[in-house]
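Asks: pasting a predicted model and its sequence here:
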Amino acid sequence: VADETVADETVADETVADETVADETVADETVADETVADEITNNNSESENQESNAMPVIMALLVAITIFILGFFIINRFIFGFERYHNDGKKGFGIEPEQSTIEETVTPEATEKPTSAAPDFSEVDATGYRQSDTDRQGRTYHYFPHYATDGDWSTCWGIDPSYGENPSITLRDSIPQHVTGIRFSNGYFHTQEAYIKNKRITKARISYQGGYQDVTCPLDQYGVMQEVIFHQPVDTTYVTLQVLESVDGGWHDVSISEIEVF
């Protein structure tokens, strides 16, 4: 009986031990499952936090790209409009520049040329004119009276001494014209060399119906139209410019590139 009792107690102890081990195993597995669940939950939370933190960065990048594109187009249109304002003389998309306070130096070549010569007089004649010249390059030049009314400074009316002293050129029309004064180039304005070497007028007489005026002409006026205003406006069918005195620069032709009345 004692042996059986001991055996039963041993079996009971082993059973209790087995149950204890089983319980501990279940407990360990439960703890492990909870730990895995916690890790999964933590990982999910971290992923959500990372995604939520990345959204502002993405939005900021999108906004920056949008601003850059808009700024590029605005600056491009500004530059294009500003250049068009200066190149075409029209206001573009840019800001109109302020007026400069620096005065520009105007050279004789920049002097405004006459747009038309004697627009109210239909005829031009002279006491004579040089027929033609040929330069070293074989180019031929003519010096007809109407070249003094063509608005081109590279041409001129020219006359040599063989036609006599005091040559003259006349603008005329069959209908009287109301005239206040006259402008003319005192010399050949084609080049400065041609201006200096051809004769230039020092004294001239401006004649019209009912009177005349004698004028003294300054030299060294290359590119500058000389203007004579009459003592009072006149109604006349002609205006004549006659050379009374001139200075020789080495060549002997009297030359006038342009003449006009106003």
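Replies: That came through, no problem. It should be emphasised that the depicted structure is a prediction, and the values quoted were computed from it without experimental measurement.

Asks: let me see the residues that make contact with stretch 231-241.
Replies: 118, 121, 168-180, 182, 184, 204-211, 213, 256, 259, 261 (C-beta atoms under 8 Å, 6 or more residues apart in numbering). The C-beta positions use only the backbone N, C-alpha and C, and glycine is treated the same way.

Asks: how about 6 Å then?
Replies: The set of residues that contact stretch 231-241 without belonging to it, under C-beta atoms under 6 Å, 6 or more residues apart in numbering, is 168-173, 176, 178-180, 204, 206-209, 261.

Asks: next, the buried residues of that stretch.
Replies: Residues of stretch 231-241 classed as buried under the neighbour-count rule (16 or more other C-beta atoms under 10 Å) are 234, 236, 238-241.

Asks: residue 142: which of the contacts of stretch 231-241 is nearest?
Replies: Taking C-beta to C-beta as the measure, residue 142 sits nearest to residue 169 out of the contacts of stretch 231-241, at 15.1 Å.

Asks: residue contacts, the closest residue to residue 143 other than its chain neighbours?
Replies: Of all residues not flanking residue 143 in the chain, residue 158 sits nearest, at 3.4 Å (C-beta to C-beta, 6 or more residues apart in numbering). Residues in contact with residue 158 (C-beta under 6 Å, 6+ apart) are 130, 143, 253, 255.

Asks: from the contacts of stretch 231-241, which ones fall inside helices?
Replies: For these, membership in helices holds for none, with DSSP state H as the criterion.

Asks: so which of those residues are in strands?
Replies: Judged by DSSP state E, strands contain the following of the contacts of stretch 231-241: 168-173, 176, 178-180, 204, 206-208, 261.

Asks: state the helix or strand in which the residue lying closest to residue 206 once chain neighbours are set aside lies.
Replies: Distances taken as C-beta to C-beta, 6+ apart place residue 213 nearest to residue 206, at 4.9 Å, with adjacent residues excluded. Of the helices and strands defined by DSSP states H and E, residue 213 is found in strand 211-216.

Asks: only the buried residues of that strand, if you could.
Replies: If you call a residue buried by 16+ other C-beta under 10 Å, then strand 211-216 has no buried ones at all.

Asks: for the remainder of this discussion, apply numbering that starts at 698.
Replies: I'll keep to 698 as the first residue from here, and by that count the last item is strand 908-913.

Asks: right, and the helix or strand after it?
Replies: Following strand 908-913 toward the C-terminus (DSSP H and E): strand 923-944.

Asks: packing partners of the helix or strand following that following strand?
Replies: Using DSSP H and E, the helix or strand that follows strand 923-944 towards the C-terminus is strand 951-953. Contact analysis of strand 951-953 by 3 or more C-beta pairs under 6 Å, 6 or more residues apart in numbering; DSSP states H and E lists strand 854-856 as its packing neighbours.
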